[in-house]
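Colleague: Let me see the structure of the following:
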Amino acid sequence: MTGEAEGYLPDLQNKQSNEGTEAFFDWHLVPQREQASKLIDEIKHRYTTICELDVDLIVNCHRIMREKSFRDQLPYGSIVLFMEFLHGRVVAG
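Modeller: Residues are numbered from 1 along each chain as shown. All right, here's what the predicted structure looks like:
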């Protein structure tokens, strides 16, 4: 059955993981650098022209959002735009 499904949906084998994105939106987790790196890889896979993303900034952003209860204000589909905006603001100073 698995081989048959792969024949109909060959892109399933090449599907990008969303483990980092899911970890970012899991507000019960303490943020880890490894998960932030996975999030960066996932974002860059989908949006190759995005600015350079910083692991520590993502970890700290997650921690602040979790502690300050901002977590419910970020829509799942807006993570890329949010990360680009966040990094742009930090670079601008």
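Colleague: which regions of this structure sit below the pLDDT cut-off?
Modeller: Low-confidence segments of the chain (pLDDT under 70): 1-17, 93.
Colleague: got a list of what D56 touches?
Modeller: Contacts of D56 were listed using C-beta atoms under 8 Å, 6 or more residues apart in numbering, and they are R33, A36. All C-beta spots, glycine's among them, are computed from the backbone N, C-alpha and C.
Colleague: roughly how far out does the strand or helix carrying it sit from the chain middle?
Modeller: Assigned by DSSP states H and E, D56 falls within helix 55-67. Using C-alpha atoms, centre = their mean, to the nearest Å, the mean C-alpha position of helix 55-67 is found 12 Å from that of the whole chain.
Colleague: again, but for stretch 23-35
Modeller: For stretch 23-35, the distance to the chain centre is 10 Å (C-alpha atoms, centre = their mean).
Colleague: Which positions in the host helix or strand of M83 come out as buried?
Modeller: Assessed by DSSP H and E, M83 sits inside helix 79-92. The neighbour-count check on helix 79-92 (16 or more other C-beta atoms under 10 Å) flags I79, V80, M83, E84, L86, H87 as buried.
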